[in-house]
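*Asks:* sequence below, structure please.
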Amino acid sequence: MKKLFIFFFIVIELLVIFYLILRIYKNNKTSGKVSVNPIDKNNVSFDGKNKLKYFYEPKANSIEKTGPPLPFKATYTINSDTLNERYDYTVNKPKNTYRIVTLGDSFTYGFYNDTKDNWPERLEDLLNNRVKCTNINWFEVINLGMQGYDVQYEAYRFLKRCEKYHPDLTLWFTKLNNFIRLTKLCFLRQNNSKMRCKKTALWINI
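*Replies:* Residues are numbered from 1 along each chain as shown. Just a heads-up that it's a prediction; the model follows:
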């Protein structure tokens, strides 16, 4: 009985090892594949004054319209603080206002959606239209999301843009692969590839 138990235990271990090897092989096989999404250089600015050499943000007080080669059209309205927002927000929070800040990548930024239709804007409208609180007259949802960011870029943008707003709540929504994808590596791969373009800065999803 004891020998039978040991036999089955060894078989299970071998199956687990085989499964892990197969997963590693598949990951290595697909890690070279990339998808490229263009960002117009005229609509972004690079901040080279920090350890993130390729840190970039939308240009303040600008309007960006997507088109070919992207499959969907959208218009992004960038406010004076480089945020994809309909409004400017005062640094000093108005009285009886509950302030929420959202962090993330293209999903939070609202890629392929007009500014008014990204989820932070929709959340702000939903809260103000449907939620009634005794000590809260207004909800603000400030969108710090940016397309192409990995986790360290999202965190740096929080430090650079968010702390001054003193939010009551921070919502950080990011994809799992943003914990292993490095934006810097994406730029380096782009610079060494044949996908260079004089008019376009490219960010790459691995």
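*Asks:* now do the strands in this protein.
*Replies:* Applying DSSP state E to the chain gives strands spanning 35-40, 44-46, 56-58, 62-65, 75-78, 97-104, 138-143, 169-173, 200-205.
*Asks:* weakest of those in terms of mean pLDDT?
*Replies:* If you rank the strands of the chain by mean pLDDT, strand 200-205 sits at the bottom with a mean of 40.
*Asks:* can you find the helix or strand of the chain with the lowest average pLDDT?
*Replies:* strand 200-205 (a mean of 40; mean pLDDT, DSSP states H and E).
*Asks:* any regions of the chain where pLDDT drops low?
*Replies:* For the chain, the stretches with pLDDT under 70 are 1-50, 69-70, 175-206.
*Asks:* residue boundaries of the helices in it?
*Replies:* 2-30, 106-109, 119-130, 151-157, 183-191 (DSSP state H).
*Asks:* C-alpha coordinates for the third one, CSV please?
*Replies:* Think helix 119-130. This file holds the C-alpha atoms of helix 119-130, laid out as CSV (Å, rounded to 0.1, in the frame of the first residue of the first chain):
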residue,chain,number,x,y,z
TRP,A,119,-15.4,54.6,-17.4
PRO,A,120,-14.2,57.3,-14.9
GLU,A,121,-16.4,59.9,-16.6
ARG,A,122,-19.4,57.5,-16.6
LEU,A,123,-18.8,56.7,-13.0
GLU,A,124,-18.7,60.4,-12.1
ASP,A,125,-22.0,61.0,-13.9
LEU,A,126,-23.5,57.9,-12.3
LEU,A,127,-22.5,58.9,-8.8
ASN,A,128,-23.8,62.5,-9.1
ASN,A,129,-27.1,61.4,-10.7
ARG,A,130,-28.0,58.5,-8.5
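*Asks:* if you count contacts, what does that helix end up packed against?
*Replies:* Helices and strands touching helix 119-130, by 3 or more C-beta pairs under 8 Å, 6 or more residues apart in numbering; DSSP states H and E, are strand 97-104, helix 106-109, strand 138-143. Heads up, the C-betas are built off the backbone N, CA and C, glycines and all.
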